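# Could you look at this predicted model? Sequence included:
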Amino acid sequence: MKIIDFRILTISDMVLLGSLVLVFFIQVYYLLRYYLKLALHQDNLPNQSSKPVTIILPVRNEEGRIREILAKFTEFESEDYQLLVINECSEDNTLEILNKLAESNPKLKVTSLSQETRFAEKQVINIGLKGATSPWIILLTSSTGAIHANWLSRLNGLINPETDAVIAYTNVERFKGYRNLICRMERFNQFLISGAWTLAGRPFVFNENNILFKKSLYFETLGFRNKLNRNFANLELIFNENFKKGKVKITTDPELTLREHIEDDRGDHIKLLKKGVQIRQSLSWSKKISLFTDDLTRVILTALSAAIIIIHPEYWITILSLPVIYIVLLAIIVKMLINRLNERKIFLSSLVYILIKPIINWWFFWSMYIIHRRSRWN
């Protein structure tokens, strides 16, 4: 290994080298200050007291599966809950079956969105929150898979008087296909970022499901007023405006993880990316700047390393040591979190995805910006 001789370096060489060292230490700061905390996170001991919870579950055209869907909610250890099912303009017999099941199940309450409207998802959530009788709410989807019997009681046990919300992990079920893989990687990457920032005292989320939250968060801030025209994000917009430092908890308990069965739709990943870009745009400037700095320095670290090696190939081993150290640290953190969440077969692919994700984000940001500009003139 040839040691760098600073006496023969030009001023431009020194600037490049200094910039490389600077972005390296910025990236190490983010790894240790944010991501490592999430990888090492352990839940506090659960409280013994139980809060009444309403589970909001929108369904649409689920006549053949509705009994199977509701069966997941009959074996909870916790008894203090209400299941509020919202029939979303079903064109089959879903509503009739729900009403019949509600007659024999006191915990089941049924309501309905009577007609197709714009912003139907937000309307459904608004109906559910207005109909909920409990001060604590959790939103799920009809595609949610198996649920642990102690899921609700464990989430409930993380609540204390200072808590406004408890965020748990949600991903899609694993099956063959690259579309499924990239959706799983994107969901994992989103949780990695939002979970890390939440533990660092700057909470926000990319996913509204599997979050236990106070109903007052919605109604004290006028709900979706002035947010109806945002197509991809719903409750995330409310959460990210109102989450406060020290009042939001994150859990990496695998028994609180939920997985959704999503069909192999080529648009799922695109929707996730567009939603992520929209949510990042809606964050406070301090969070946006912090996230942008993380993304930018991650890309610059690779670009500067390559540039210096091209200019001074004799120092390639020394120069490469910095990005290698960074990648090793990142790999350890990702592996720890993947193991904690019981994810399977996404370690190497997620590591690569995390490294290139800033470029994907920027591409989608500019494409959405251009589309928005064109639509204004049409």
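Received, thanks.
# According to the record, where do the domains of the protein fall?
6-40+287-377, 53-282 (automatic domain parsing).
# Pick the most deeply packed of the ones you listed.
domain 53-282 (a mean of 18; mean count of other C-beta atoms under 10 Å). Yep, even glycine has a C-beta here, placed from its N, CA and C like the rest.
# distance of Thr133 from Asn226?
28 Å (C-beta to C-beta, to the nearest Å).
# about what we covered before: to Pro46, which of the domains of the chain lies closest?
The closest of the domains of the chain to Pro46 is domain 53-282. By C-beta to C-beta, the value is 2.7 Å.
# how far out from the middle of the chain is the closest one?
Chain-centre distance of domain 53-282: 12 Å, with C-alpha atoms, centre = their mean, to the nearest Å.
# Between its first and last residues, how far does that domain reach?
28 Å (C-alpha to C-alpha, to the nearest Å).
# And stretch 29-40, by the same measure?
16 Å.
# Touching it from outside, list them.
Taking contacts as C-beta atoms under 8 Å, 6 or more residues apart in numbering, the residues outside stretch 29-40 that touch it are 192, 195-197, 199-200, 250, 252, 294, 297, 326, 329-330, 332-334, 336-337, 340.
# so of those residues, which ones are in helices?
Counting by DSSP state H, the part of the contacts of stretch 29-40 found in helices is 192, 195-197, 199, 294, 297, 326, 329-330, 332-334, 336-337, 340.
# so where do the strands sit in this protein?
For the chain, strands defined by DSSP state E occupy the ranges 53-59, 81-88, 108-113, 136-139, 165-167, 170-172, 211-214, 248-250, 258-260.
# Please work out the angle formed by the directions of the first one and strand 108-113.
Taking axes from the mean of the first three to the mean of the last three C-alpha atoms, to 10 degrees, one finds strand 53-59 and strand 108-113 inclined to each other by 50 degrees.
# who does strand 53-59 pair up with?
strand 81-88 (parallel), strand 136-139 (parallel) (DSSP bridges).
# for stretch 42-54, the distance to its chain's centre please.
In terms of C-alpha atoms, centre = their mean, the centre of stretch 42-54 is found 22 Å from the chain centre.
# Now do the end-to-end distance for that stretch.
First-to-last distance for stretch 42-54 - C-alpha to C-alpha - comes to 26 Å.
# Who are the contact partners of Gln123?
So Gln123 contacts 113, 117 (C-beta under 8 Å, 6+ apart).
# Could you point out which of the ones in helices among the contacts of stretch 29-40 is nearest to Leu57?
The closest of these, once distances to Leu57 are taken by C-beta to C-beta, is Gly195, at 24.4 Å.
# measure the closest one to Leu101 for me?
To Leu101, Gly195 is 36 Å away according to C-beta to C-beta.
# can you check Lys247 too?
Applying C-beta to C-beta to Lys247 and Leu101 gives a distance of 36 Å.
# likewise Glu121?
Distance from Glu121 to Leu101, by C-beta to C-beta: 24 Å.
# nearest to Ile86, of the ones in helices among the contacts of stretch 29-40?
The closest of these, once distances to Ile86 are taken by C-beta to C-beta, is Gly195, at 28.4 Å.
# Touching, that closest one and Ile250? I think so.
Yes - between Gly195 and Ile250 there is a contact under C-beta atoms under 8 Å: 4.9 Å.
# Could you tell me which ranges of this structure sit under the pLDDT cut-off?
Confidence mapping of the chain against pLDDT under 70 gives the ranges 1-8, 118, 264-266, 369, 371-378.
# which residues of it fall in helices?
Remark: helices assigned in the chain by DSSP H are 11-30, 36-40, 66-71, 94-104, 120-131, 151-157, 178-199, 216-219, 235-242, 268-282, 285-311, 316-340, 347-377.
# got the contact list for the closest residue to Ser143 other than its chain neighbours?
Once flanking residues are discounted, Ser143 sits nearest to Glu260: 4.3 Å by C-beta to C-beta, 6 or more residues apart in numbering. Contacts for Glu260 were tallied using C-beta under 8 Å, 6+ apart; they are 141, 143-145, 170-173, 209.
# Leu273: which of those is nearest?
For the contacts of Glu260, the nearest to Leu273 is Val172 (14.6 Å; C-beta to C-beta).
# Enumerate every residue touching the closest one.
Going by C-beta under 8 Å, 6+ apart, the list of residues near Val172 reads 180, 183-184, 187, 259-262.
# hmm, try it at 6 Å
Val172 makes contacts with 183-184, 260, 262, as judged by C-beta atoms under 6 Å, 6 or more residues apart in numbering.
# would TSV of those with distance to Pro358 be doable?
TSV is the format used below for the contacts of Val172 (distance: C-beta to C-beta, whole Å):
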residue	distance to Pro358
Cys183	19
Arg184	19
Glu260	26
Ile262	25
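# Nothing else from me, thank you.
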